[in-house]
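Trainee: this one's structure only:
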């Protein structure tokens, strides 16, 4: 992998996971610490990240208009880290001992995995590298990985074999992420390769929980995977509009606002 490819992948990782340590990047790219620090310094100079001790954090005001930079392959909406942490904490509070869970890919769902109490025994089926990295350290979490082809832009593993594993698993709860939520055009994601996996997760769970920050409501992305009424619970932050509060209420869904 040349420098251009590596910086592009590092940028994509920051758009999925807002805070990344140098140790994580060293494991991911198998290069020297000096090389990683040079890459991070370049991204810092371009106002994309802020350097912190031991790593870096995606800047909320990160530039998204400079199309001359080859590694800015998307103009992704900047992540709302504090809101997502609160959503993840609330979602984790709904988990009960000895449940089987499916945790979808995403930066919000990563916080769910992080906030699962150490003492709560659970089985978790996942297909995201960042989710697996969180749960494997918890002694009472029993992970099941639906593996396959690795998509570095979303940290997702995807394959027909992984989808079949999800279909054969029965879960108490599925925590699903999305990039867009529309009353008319449904729940969407930017990537078509996510669709079948997300649909399998929904069909395999008793309780279906949508975990999205308020900026996703009224947004439509390319790849549709579900209608809003297919979910039982929605967890979001306090900036959700009155319009979508009413829509969720009329659909009979349980709404948690954090």
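Mentor: Cool, the structure landed. Keep in mind that this is a model prediction, so the values were computed, not measured.

Trainee: pLDDT score for the closest residue to residue 92 other than its chain neighbours?
Mentor: Among residues not flanking residue 92 along the chain, residue 115 sits closest, at 3.7 Å (C-beta to C-beta, 6 or more residues apart in numbering). From N, CA and C alone the C-beta is placed, and that goes for glycine too. pLDDT, residue 115: 93.

Trainee: so residue 115 touches residue 94, yeah?
Mentor: No: using C-beta atoms under 8 Å, residue 115 is not in contact with residue 94; the gap is 10.7 Å.

Trainee: give me every residue that touches the residue nearest to residue 92.
Mentor: Applying C-beta atoms under 8 Å, 6 or more residues apart in numbering to residue 115 gives the contacts 88, 89, 91, 92, 93.

Trainee: can you rerun that using 10 Å?
Mentor: Residue 115 makes contact with 85, 86, 87, 88, 89, 90, 91, 92, 93, 95, 134 under the criterion C-beta atoms under 10 Å, 6 or more residues apart in numbering.

Trainee: Among the residues you listed, which one lies nearest to residue 243?
Mentor: Using C-beta to C-beta, residue 87 comes nearest to residue 243 of the contacts of residue 115, at 19.5 Å.

Trainee: what helix or strand does that closest one sit in?
Mentor: Element membership for residue 87 (DSSP states H and E) is helix 81-93.

Trainee: Beyond that helix, next helix or strand please.
Mentor: Counting by DSSP H and E, the next helix or strand C-terminal to helix 81-93 is strand 99-103.

Trainee: what's the following helix or strand after that next one?
Mentor: Downstream of strand 99-103, the first helix or strand assigned by DSSP H and E is helix 107-115.

Trainee: Low-confidence ranges, the chain, go.
Mentor: For the chain, the stretches with pLDDT under 70 are 60-79.

Trainee: Please identify the residue most distant from the middle of it.
Mentor: Largest separation from the mean C-alpha position in the chain: residue 34, at 28.9 Å (C-alpha atoms, centre = their mean).

Trainee: residues touching residue 143, list them.
Mentor: Per C-beta under 10 Å, 6+ apart, neighbours of residue 143: 103, 113, 122, 123, 124, 125, 126, 131, 132, 134, 135, 136.

Trainee: which one among the residues you listed gets closest to residue 246?
Mentor: residue 103 (29.0 Å).

Trainee: Pull up the gap between that closest one and residue 168, please.
Mentor: Distance of residue 103 to residue 168, given as C-beta to C-beta, to the nearest Å: 17 Å.

Trainee: mind listing the strands for the stretch 151-258 of the chain?
Mentor: Applying DSSP state E, counting those that start in this stretch to the stretch 151-258 of the chain gives strands spanning 156-158, 171-176, 180-182, 186-189, 205-211, 223-226, 233-236, 254-257.
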